[in-house]
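J.: here you go, sequence then predicted model.
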Amino acid sequence: MSKMSLINLIEILAILVGAFSGFIEARSKKMDVVGVFTVAFITAFGGGTLRDILLDKRPLFWVEHQEYAILIFVLSLIAAPLIRTLKKIVSENLIVIADALGLGLFSIAGVSEAQAAGMPIFIASMMGVVTGIFGGVLRDIVCNEIPMVLRDGRPYAICSFIGCWVYLLLQKTGAPPDVALWSSALLIFLLRIVSWRRDIYLGE
Amino acid sequence: MSKMSLINLIEILAILVGAFSGFIEARSKKMDVVGVFTVAFITAFGGGTLRDILLDKRPLFWVEHQEYAILIFVLSLIAAPLIRTLKKIVSENLIVIADALGLGLFSIAGVSEAQAAGMPIFIASMMGVVTGIFGGVLRDIVCNEIPMVLRDGRPYAICSFIGCWVYLLLQKTGAPPDVALWSSALLIFLLRIVSWRRDIYLGE
Amino acid sequence: MSKMSLINLIEILAILVGAFSGFIEARSKKMDVVGVFTVAFITAFGGGTLRDILLDKRPLFWVEHQEYAILIFVLSLIAAPLIRTLKKIVSENLIVIADALGLGLFSIAGVSEAQAAGMPIFIASMMGVVTGIFGGVLRDIVCNEIPMVLRDGRPYAICSFIGCWVYLLLQKTGAPPDVALWSSALLIFLLRIVSWRRDIYLGE
């Protein structure tokens, strides 16, 4: 598989996982089909959209790739049977793995976009974390919950933050862009998976 | 009455209806005058403002027309007696009709702005719906409610969505711009009124 | 002390007070360190960021001054012991005074930015108020509360609004920019302190 199609595959997977978590939360709040689509869309694209608004970058990701928006729209129409089916055939492990892949990929995409836009280094790392986690934050706000990622004490944003700094440091040391990108995205993925498997909490 | 003043009249009516629904929700949450103004303003202008931020279009509608902001400000100062008086002399029917007019007008204005900004077709239709409904979504978020339009199962966003697509299709078929605009705004209005009169719900 | 360093001192003080109120609310919601940082950041910079997005102004304040973001980050790591210590040595009076200083400074900074961006006069006054109060509004939304400033009936946004208009009127009458800026920021500060000391509520 070529590198481009691998990135695309992970990207689609990450968007689908985001949308899927939106489906579940919207359904648990008894939302109708409009709510299901809106929440899924915000979960999948909210982080990147907020980053692009802060950076003043246009066109937005989902404007350039309207096929992703259409995909979520179509899935929203069959969200209820879809969730039932997926819950049977997809294990929780698989969801966590896909979500961790998305966290890694989106975080590093975010930090590299921010750097390309000339952001100072600490701000760039924050933009990476925002891209990785703010879809879920906005999903929880629309669903009238305190955002899970801000209160559950699980290493999630922290994994993204560490990976973004590793990416920035690798760049400073002159590592090839590709190596920096993939190794730090992989690191975020591994940090997230390991801390989840070991049930690590951040203490007070 | 000339066409221009007719549009203006509908526009003012739609903004007033938005502001009025903001007044009612803010008062029911025991907000003070600052809250009443803020919520009314967000309800009236939130959808169009979000659209313009996503499209990166400036100046914003309410910056170009500060008279509308001033109008809402003045009304906020007398919101409590105003609501009491209006509830006596204005029937619920009239409010639903004015709101449906606003939904039609704002949706089509939104989709046509998005098209003018070069958005792809599905995104343009989404921008129309955002313009039509997101004032109410933001109102409910500020008032700490799950947004009504996302969960009550009533055809509202759907009416806007259908009308936006009819507008886009009429344009593709080369209909005169005026005809496309007015007939699709009218369609949204009628869909909303009919589904409300017939008490239609969207099933699971 | 030179004028520049005085402004900087007030600015830092105002940001710290904003962050501190974020710390307290995030901790009271049992948020983890990620939540504490996010909420503190949003409280300190949310108002100015919203204003800059509405005005389409970049770079954002905290992008130009990443040292402030870093400062909040470091403080977040020690938020729990920090709050305990500060509660012992800092009286509530001092917090209200610092917050009132921040309200005055940020409001006038907001209205003057908006004027520089060519906003009409009423909109400019609104931008001043947004800059002064929206950090707290966004903090409360993320923490799943109805924003305090919109419902507690205390003169807060009103102080900002009056001061912004005094600033705009002083400018029209040809007062020196410095005098206009400082006297109206001082007025907001005094209005806030006096109304707080006298326990004034805005009636229905």
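T.: Happy to help now that I have it.

J.: where does residue A:5 land on pLDDT?
T.: With respect to pLDDT, residue A:5 has a value of 65.

J.: swap in residue A:81?
T.: Model confidence at residue A:81 (pLDDT) stands at 89.

J.: can you give me the distance of it to residue A:43?
T.: Counting by Cβ to Cβ, to the nearest Å, the gap from residue A:81 to residue A:43 is 20 Å. Where C-beta positions appear, they are placed from N, C-alpha and C, glycine not excepted.

J.: more neighbours: which of those two?
T.: Using other Cβ atoms under 10 Å in any protein chain shown as the criterion, residue A:81 and residue A:43 rank with residue A:43 on top: 30 against 9.

J.: pretty sure that one is touching residue A:139, no?
T.: Yes. Using Cβ atoms under 8 Å, residue A:43 is in contact with residue A:139, at 4.1 Å.

J.: any shared contact partners between those two?
T.: Here residue A:43 and residue A:139 have A:21, A:22, A:25 as joint contacts, going by Cβ atoms under 8 Å, 6 or more residues apart in numbering or on different chains.

J.: need these in JSON lines (columns: secondary structure and distance to residue C:163).
T.: Formatted as JSON lines, the shared contacts of residue A:43 and residue A:139 follow (DSSP: H, G, I helix; E, B strand; the rest coil; distance: Cβ to Cβ, whole Å):
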{"residue": "A:21", "secondary structure": "helix", "distance to residue C:163": "45"}
{"residue": "A:22", "secondary structure": "helix", "distance to residue C:163": "42"}
{"residue": "A:25", "secondary structure": "helix", "distance to residue C:163": "42"}
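
J.: tell me which of the residues you listed is nearest to residue B:10?
T.: residue A:22 (34.5 Å; Cβ to Cβ).

J.: could you give the number of residues near the closest one?
T.: 31.

J.: the residue of chain A found nearest chain C - how many residues pack around it?
T.: Here chain A gets closest to chain C at one residue, residue A:150, 3.1 Å apart by Cβ to the nearest Cβ. By other Cβ under 10 Å, 26 other residues sit near residue A:150.

J.: ok, now which ones touch it?
T.: When contacts are counted by Cβ under 8 Å, 6+ apart, residue A:150 touches A:137, C:26, C:31, C:32, C:34, C:35, C:38, C:39, C:142.

J.: hang on, isn't the fifth one packed against residue A:160?
T.: No. With contact defined as Cβ under 8 Å, residue C:34 does not count as touching residue A:160 (9.7 Å).

J.: more neighbours: these two, which one.
T.: Comparing residue C:34 with residue A:160 by other Cβ under 10 Å, the one with more neighbours is residue A:160, at 29 against 26.

J.: for the host helix or strand of the more buried one, name the packing helices and strands.
T.: Per DSSP states H and E, residue A:160 falls inside helix A:157-172. Other helices and strands packing on helix A:157-172, by 3 or more Cβ pairs under 8 Å, 6 or more residues apart in numbering or on different chains; DSSP states H and E, are helix A:92-116, helix A:121-142, helix A:177-197, helix C:33-55.

J.: what sits closest to residue A:109 if chain neighbours are left out?
T.: Excluding its sequence neighbours, the residue lying closest to residue A:109 (Cβ to Cβ, 6 or more residues apart in numbering or on different chains) is residue A:131, at 6.4 Å.

J.: count the neighbours of that neighbour for me.
T.: Residue A:131: 30 neighbours (other Cβ under 10 Å).

J.: before we move on, what about residue A:183?
T.: 15.

J.: which ones are touching the residue nearest to it when sequence neighbours are not counted?
T.: Leaving aside its sequence neighbours, residue A:183 sits nearest to residue A:170 (Cβ to Cβ, 6+ apart; 6.9 Å). Residue A:170 makes contacts with A:179, A:180, A:183, A:184, as judged by Cβ under 8 Å, 6+ apart.

J.: per-residue pLDDT of the closest residue to chain B within chain A, please?
T.: Nearest to chain B in chain A, going by Cβ to the nearest Cβ, is residue A:35, at a distance of 3.1 Å. For residue A:35, the pLDDT comes out at 95.

J.: quick one: contacts for it?
T.: A:26, A:29, B:147, B:149, B:150, B:151.

J.: restricted to strands, list those residues.
T.: Using DSSP state E, no member of those sits in strands.

J.: of the residues you listed, closest to residue A:110?
T.: The closest of those, once distances to residue A:110 are taken by Cβ to Cβ, is residue A:26, at 24.6 Å.

J.: now that closest one: closest residue in space, sequence neighbours ignored.
T.: Spatially, and ignoring its direct neighbours in sequence, residue A:26 is nearest to residue A:39 (4.0 Å; Cβ to Cβ, 6+ apart).

J.: and the worst-scoring helix or strand of chain A on mean pLDDT, what does it pack onto?
T.: When each helix and strand of chain A is scored by mean pLDDT, DSSP states H and E, helix A:3-28 comes last, with a mean of 82. When contacts are defined as 3+ Cβ pairs under 8 Å, 6+ apart, helix A:3-28 sits against helix A:33-55, helix A:66-77, helix A:79-89, helix A:92-116, helix A:121-142.

J.: if I average pLDDT within each of those, which one is lowest?
T.: helix A:79-89 (a mean of 85).
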